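K.L.:
Sequence isn't available, so here's the structure alone:
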């Protein structure tokens, strides 16, 4: 058997749960692994833990050089010594989501030993995962680490969905919740963009109905197209204009597909192609299918009879909602409706819309206002939690 | 040789230009054809002609049942007896653009006879086409029909680009110009979405470097993904929510790729798949590449030293600009900047933003305010042009 898509040479720190997990869809993972990284030191009272939840294509390497890609951590700007999520003060845990491809159990993992296909990867037979499943696996990890209550849970985009799910499912285990650039449900437009990405993967003959490990060819072209399409939605029109505008560059001479007028192509095209081609080196296509599906199915209000406030009734968790003005994928209106529901639920909620022209990706980028907001909120919460020095 | 992608059984009304056309890229089409349809009657003075310019995936069948798809004309709501573009009054000409695939010379056409590949379709060797090339071919058609001056030129989206180009290139041949839901240049975001579509086509092995007529297999899956991605940009988030929201339907049982949680899929996914699969039956992939490229390269101000006003200086053409509030592909800000340039150029310009939640597609749909605006503007212009009954 050829190697699966993603390098398995790197051993990721992980915890294995021999009792497995019963999933929302009814299937059971008999034994599963949650890969995770930690930063900082857990205090004696085990009261200073902050859970960081990653987005669709993120992973557990939030605040350090990535062992596979060699790139800086995806949230180095937010998590670290002296950063808004200050690892000199807090013990930060960042797990790879269930269904992911960086060490946690997912489509790339080998099936349960007792299964008839034992020794093969799950592929598309991996059970459908929900945001709630991800959060329940994270709860197992937290308990495994001996932590009863998290000081805070924070995450952007799909990470924010996990934050909301944590607060709804385990209100007593979350002192503070920071859902960033997120929504309480995936909109029709969000689903539509995901579906284009999935169709691009399905359309790639190298996808081979999800059993691509058999041939050793991965659906790189389809996954790259999916990434390119998604990437546009992460940026604002202003950001694309500022970064690239209509500037041209010479088309690569060795690329017969770089159809270009007058031998030139737009910089933005070159940028997107680069985004697509680097992504496929670090992400598994079946995992992309699984996780986009989990996001599409997220609808927190639906789990509470259609009333989002009911999901949070009586909560004592302190919330900070953050949105960015130019984010059109998870626009401010989505955060505002969460804030309204939290208000109806009588929750303690702050809501800050950060002016930014960087689009959805702003939560990953250098946005001093955003960073000051998070730092200030956590400082205030730490006092209330009796954590202040 | 197998049949090309698109049925060539239907003979489209057309004019053939034996002198050919010199293209902006430097290449020459030695002989070319412009397919077109007309509606209404040209008056004795030949002064009541209105040119209708179609959008990226439109064609000449604006106001009648389509001979290939069997569907109603794409602008039946706007063009016809008693309609805003009233064929009881006006003589309407709607040509298929150069580079198109419904009878006008394009990648699907056979090469020039004297070429070494004579008898084969152009495919991706078809020269790159610009909006200006399209307009110059239309001018040839208009002259061929014995018309010196058009009463009006109207079109939406890429059709609006052609309208702007007509007004800039042939100001004395255009009494009134109606650029609808358009822009004077393609933005970085517009280009990015087109590039995703092109990459989806390139990624389809059935594209075969554009020579797909040799195998008889067309790049249907890649083209469908391109269409799906583009289609999302034609609709507003509100329209998608209103039409589909998060409603589920049963996944097709016979489709192994309809990966779905709990056996269900979202209606919006089903809708997109339908959009993709029907599109490939009527549109040629290489034509899609050619025309998206033409749009990407459109930048009217660049042709006038960066000053859009200079493109229209001294014009006597009367302009009506129309945008739609929820159009995020060609937003109101784009029309507004055209209106400002026209004002600087001292032109006679009306600018109307139509409230609509239907997104870019609003120009094709039942929008009474839009239709009243067009009808009223044309009525006023007809009086000024001495055309009133």
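P.N.:
Here it is on my side, so go on. Keep in mind that this is a model prediction, so the values were computed, not measured.

K.L.:
what about chain A, any weak spots by pLDDT?
P.N.:
A:1-8, A:113-115, A:251-264, A:388-389 (pLDDT under 70).

K.L.:
which residues in it form strands?
P.N.:
Taking DSSP state E as the criterion, chain A contains strands spanning A:14-17, A:21-22, A:28-29, A:32-39, A:49-53, A:79-80, A:85-86, A:91-95, A:150-156, A:174-180, A:248-250, A:264-266, A:318-324, A:348-354.

K.L.:
between these, which one is nearest to chain B?
P.N.:
Closest of the strands of chain A to chain B is strand A:264-266, at 5.2 Å (criterion: C-beta to the nearest C-beta). Quick note: C-beta positions are derived from backbone N, CA and C, even for glycine.

K.L.:
Do stretch A:128-146 and chain B come into contact?
P.N.:
Yes: applying C-beta under 8 Å from any C-beta of the partner chain, one finds stretch A:128-146 in contact with chain B at A:128, A:130.

K.L.:
what's in contact with that stretch?
P.N.:
Identification of contacts with stretch A:128-146 by C-beta atoms under 8 Å, 6 or more residues apart in numbering or on different chains yields A:15, A:17, A:21, A:23-25, A:32, A:34, A:36, A:42, A:46, A:49, A:51, A:53, A:93, A:95, A:97-99, A:104, A:150, A:158, A:161-162, A:165-166, A:169-170, A:173, A:290-291, A:293-295, A:297-298, A:303, B:260-262.

K.L.:
Next, the buried residues of it.
P.N.:
Residues of stretch A:128-146 classed as buried: A:128-142 (neighbour count, 16 or more other C-beta atoms under 10 Å in any protein chain shown).

K.L.:
And the most centrally placed residue in chain A, how close does it get to residue A:163?
P.N.:
Chain A has residue A:55 as the residue nearest its centroid, 1.4 Å off, counting by C-alpha atoms, centre = their mean. When distance is defined by C-beta to C-beta, to the nearest Å, residue A:55 is 11 Å away from residue A:163.

K.L.:
How about the residues of the stretch 101-250 of chain A by chain B?
P.N.:
Residues of the stretch 101-250 of chain A lying near chain B (C-beta under 8 Å from any C-beta): A:124, A:128, A:130, A:185-189, A:191-193, A:195-196, A:198-200, A:202-205, A:209, A:221-222, A:224-225, A:228-229, A:232, A:235, A:237, A:240-241, A:243-246.

K.L.:
was I right about the residue nearest to the centre of chain A contacting residue A:161?
P.N.:
No: Residue A:55 sits out of contact with residue A:161 when judged by C-beta atoms under 8 Å, with a separation of 9.2 Å.

K.L.:
hey, what's in contact with both of these two?
P.N.:
Common neighbours of residue A:55 and residue A:161 are listed as residue A:155 (criterion: C-beta under 8 Å, 6+ apart).

K.L.:
Please report how far the residue nearest to residue A:280 when sequence neighbours are not counted lies from residue A:205.
P.N.:
Spatial nearest neighbour of residue A:280, chain neighbours left out: residue A:220 (4.4 Å); criterion: C-beta to C-beta, 6 or more residues apart in numbering or on different chains. Computed as C-beta to C-beta, the residue A:220 to residue A:205 distance reads 12 Å.

K.L.:
And residue A:279, by the same measure?
P.N.:
19 Å.

K.L.:
cool, and residue A:281?
P.N.:
For residue A:281, the distance to residue A:205 - C-beta to C-beta - is 20 Å.

K.L.:
Overlap in contacts, residue A:55 and residue A:163.
P.N.:
Joint contacts of residue A:55 and residue A:163 (C-beta under 8 Å, 6+ apart) are residue A:155.

K.L.:
residues in contact with residue A:364?
P.N.:
Contacts of residue A:364 (C-beta under 8 Å, 6+ apart): A:74, A:75, A:77, A:156.

K.L.:
and residue A:123, how many neighbours?
P.N.:
23 (other C-beta atoms under 10 Å in any protein chain shown).

K.L.:
now residue A:119
P.N.:
9.

K.L.:
Likewise for residue A:218?
P.N.:
Count around residue A:218 with other C-beta under 10 Å applied: 25.

K.L.:
same question, residue A:379
P.N.:
What residue A:379 shows, counting by other C-beta under 10 Å, is a neighbour count of 14.

K.L.:
what does residue A:16 give?
P.N.:
12.

K.L.:
That one bridge partners, please.
P.N.:
residue A:33 (DSSP bridges).

K.L.:
My guess is it contacts residue A:31. True?
P.N.:
Yes: between residue A:16 and residue A:31 a contact is recorded at 6.8 Å, counting by C-beta under 8 Å.

K.L.:
For the residue nearest to the centre of chain A, what are phi and psi?
P.N.:
phi -90, psi -180 (degrees, to the nearest 10).

K.L.:
What distance do you get for it to chain B?
P.N.:
20 Å (C-beta to the nearest C-beta, to the nearest Å).

K.L.:
what do you get for residue A:138?
P.N.:
Residue A:138 is 20 Å from chain B, by C-beta to the nearest C-beta.

K.L.:
Check residue A:328 too.
P.N.:
Distance from residue A:328 to chain B, by C-beta to the nearest C-beta: 7 Å.

K.L.:
residue contacts, the residue nearest to the centre of chain A?
P.N.:
A:155, A:156, A:157, A:158, A:159.

K.L.:
excluding its backbone neighbours, what's nearest residue A:208?
P.N.:
Using C-beta to C-beta, 6+ apart, the closest residue to residue A:208 is residue A:215 (6.2 Å).

K.L.:
go on, residue A:112?
P.N.:
residue A:30 (4.5 Å).

K.L.:
I'd like to know how far that neighbour sits from residue A:109.
P.N.:
12 Å.

K.L.:
More neighbours: which of those two?
P.N.:
Ranked by neighbour count (other C-beta under 10 Å), residue A:30 and residue A:109 place residue A:109 first, with 23 against 14.

K.L.:
what number of residues lie near residue A:328?
P.N.:
For residue A:328, using other C-beta under 10 Å, the count is 18.

K.L.:
ends of stretch A:208-220, how far apart?
P.N.:
12 Å (C-alpha to C-alpha, to the nearest Å).

K.L.:
Stretch A:106-126 too?
P.N.:
Per C-alpha to C-alpha, stretch A:106-126 runs 7 Å from first to last residue.

K.L.:
show me what contacts residue A:100?
P.N.:
Counting by C-beta under 8 Å, 6+ apart, residue A:100 has contacts A:35, A:59, A:106, A:287, A:291.

K.L.:
what's the nearest residue to residue A:348 if we skip its chain neighbours?
P.N.:
Closest to residue A:348 by C-beta to C-beta, 6+ apart is residue A:318, at 4.6 Å.

K.L.:
Tell me, how many residues neighbour the one you found?
P.N.:
21.

K.L.:
and what of residue A:11?
P.N.:
Neighbour count for residue A:11, taken as other C-beta under 10 Å: 9.

K.L.:
Now for it: which residues touch it?
P.N.:
Contact analysis of residue A:11 by C-beta under 8 Å, 6+ apart lists nothing.

K.L.:
same deal with residue A:175?
P.N.:
Listed by C-beta under 8 Å, 6+ apart, the contact set of residue A:175 reads A:149, A:150, A:151, A:152, A:317, A:318, A:381, A:385.

K.L.:
Distance from the chain centre to stretch A:79-98, please.
P.N.:
Relative to the chain's own centre, stretch A:79-98 is displaced by 15 Å; criterion: C-alpha atoms, centre = their mean, to the nearest Å.

K.L.:
quick one: terminal-to-terminal distance for that stretch?
P.N.:
Stretch A:79-98: ends 22 Å apart by C-alpha to C-alpha.

K.L.:
Quick one: check it for contact with chain B.
P.N.:
No: using C-beta under 8 Å from any C-beta, stretch A:79-98 never reaches chain B; the gap is at least 14.2 Å.

K.L.:
Right, I'll call it a day here.
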